[in-house]
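Trainee: dropping a prediction and its sequence here:
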Amino acid sequence: MAEAADIQRRDALVERLFEAVLGFNDLHAVYIGDRLGLYAALADGAQTPDEVASTAGCDERYVREWLEHQAVGGILDVEDAGAGAAGRRYRLPAGHEEVLLDRDSVNYMAAFARMMVGMAHPLPEVLAAFRSGDGVPYAEYPADFVEGQGDMNRAQFVNLLATEWLPALPDVEERLRSRSARVADVACGTGWSSISIAKAYPGIQVDGFDLDPESVMLARSAAAAEGVGERVDFQVRDAADPELADRYDLVTVFEAIHDLAKPVEALTAIRELLAEGGVALVADEKVADQFTAPGDDVERVMYGWSILHCLPVGRVERPSAETGTAMRESTFRRYAGEAGFGDVQVVPIEHDFWRFYRLQA
């Protein structure tokens, strides 16, 4: 009986890994279509391989193979599968354009493909870190990762930050609507959280801090394009910089604390940035309360990101808390308490991946 169960479990793993191979191929094919503008070439309706290639400025034979892959996998529709290879016309099915092209939609997934390709790029360095115990610097992760993560979060910030998340803090939102409030966005990345706050609350000043120069450059460009460059100031700066004398009504940190080598010191600096009565809003991973194996899909995603990115990045600086992506609520509460926050509340915001914490001294 035990042997039969072992065989069944073996076969299930074979099937699971084969499905992962299919997913791996889909992810990289979506990356190709996104980066080369192949999906954009299909936005106006059904096209032949030559028409797609001409619009995107690519080689027809490669594009034809890509289109066939996408149709075989059901990502694209083909109008006449029985036509000759060069004459088939391919189109985006209803709803797929939103997933693959609409950067403003919460259903936009092409950014995920970009992020995952970029996350896997420094695998040789990650392997070396596994052996040595060292970290992998953030700079080893290419533009695909930086831009992919930024665009992945962008849709959330644009759609939800000022419509659901901040309204869940009525007293904070009232201060923001006063037009005189100041906001610090720590670990702001490519800046869409800062930009979304500034656009939603006219008149307030937002300062975005991040240690990655490339992210800050992208953030400044986006703020200018969105017309809030005069009210949003992005700086390559540590929030713990002793020369930072400003005090803020709201300090936000989105999906960053678990990455930090010194989370307690970071949260201490955040507390010191708060003005009288100020509030910190921290969003981080919504993992289970305790380790359980096997875990759910959220737990699996977080551990995958942790071994490829978050733990290696968090071990560059020593000593390190070595938190990893699966930062449980109890761990965050301990960090916040050690940083001097006497009031730590979980904000009732519905989200599949993030848990939101309200912090006050």
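Mentor: Thanks, I have it.

Trainee: so which residues make contact with stretch 329-348?
Mentor: Under the criterion Cβ atoms under 8 Å, 6 or more residues apart in numbering, residues 165, 168-169, 257, 263-268, 270-271, 280-282, 284, 289, 321, 323, 355-361 lie in contact with stretch 329-348. Placement of C-beta: from N, CA and C, glycine included.

Trainee: next step: those restricted to strands.
Mentor: Members of the contacts of stretch 329-348 lying in strands (criterion: DSSP state E): 280-282, 284, 355-360.

Trainee: which residues of the stretch 101-250 of the chain fall in helices?
Mentor: Along the stretch 101-250 of the chain, counting by DSSP state H, counting those that start in this stretch, helices occupy 110-120, 123-132, 143-156, 170-176, 192-200, 213-225.

Trainee: what comes up buried for the shortest one?
Mentor: Neighbour-count burial for helix 170-176, counted by 16 or more other Cβ atoms under 10 Å, picks out 172-173, 175-176.

Trainee: excluding its backbone neighbours, what's nearest the residue most central in space within the chain?
Mentor: Centroid-nearest residue in the chain: residue 149, 3.7 Å away (criterion: Cα atoms, centre = their mean). Sequence neighbours aside, residue 115 is the residue nearest to residue 149 in space, at 4.9 Å (criterion: Cβ to Cβ, 6 or more residues apart in numbering).

Trainee: next one: residue 33
Mentor: residue 39 (4.7 Å).

Trainee: ok, that neighbour to residue 206 distance?
Mentor: Here the criterion is Cβ to Cβ, to the nearest Å. By it, residue 39 lies 33 Å from residue 206.

Trainee: this protein - how does it break down into domains?
Mentor: Taking automatic domain parsing as the reference, the chain has its domains at 2-101, 116-360.

Trainee: okay if I get those domains as CSV plus mean pLDDT and distance to residue 107?
Mentor: Conversion of the domains of the chain to CSV gives the following (pLDDT from 0 to 100; distance: least, Cβ to Cβ, whole Å):
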stretch, mean pLDDT, distance to residue 107
domain 2-101, 96, 5
domain 116-360, 96, 8
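
Trainee: got JSON lines for those domains, with distance to residue 108 too?
Mentor: Formatted as JSON lines, the domains of the chain follow (distance: least, Cβ to Cβ, whole Å):
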{"stretch": "domain 2-101", "distance to residue 108": "7"}
{"stretch": "domain 116-360", "distance to residue 108": "5"}
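
Trainee: burial of the spatially closest residue to residue 89 that is not a sequence neighbour, as a residue count?
Mentor: Leaving out its chain neighbours, the residue that sits closest to residue 89 by Cβ to Cβ, 6+ apart is residue 46, at 4.0 Å. Neighbouring residues of residue 46 were enumerated by other Cβ atoms under 10 Å; the total is 17.

Trainee: quick check: residue 46 touching residue 83?
Mentor: No: assessed by Cβ atoms under 8 Å, residue 46 is found out of contact with residue 83, at 11.7 Å.

Trainee: which strands and helices sit next to the lengthiest helix in the chain?
Mentor: If you go by DSSP state H, the chain has its longest helix at helix 2-35. On a contact count with 3 or more Cβ pairs under 8 Å, 6 or more residues apart in numbering; DSSP states H and E, helix 2-35 meets helix 60-72, helix 96-101, helix 110-120.

Trainee: quick one, what contacts residue 249?
Mentor: By Cβ under 8 Å, 6+ apart, the contact set of residue 249 is 172, 175-176, 181-183, 274-275, 277-279.

Trainee: repeat the analysis, applying 6 Å as the threshold.
Mentor: 175, 181-182, 275, 278 (Cβ atoms under 6 Å, 6 or more residues apart in numbering).

Trainee: can you list these in a markdown table and add distance to residue 68?
Mentor: Shown next, in a markdown table, are those (distance: Cβ to Cβ, whole Å):
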| residue | distance to residue 68 |
| --- | --- |
| 175 | 56 |
| 181 | 54 |
| 182 | 55 |
| 275 | 59 |
| 278 | 57 |
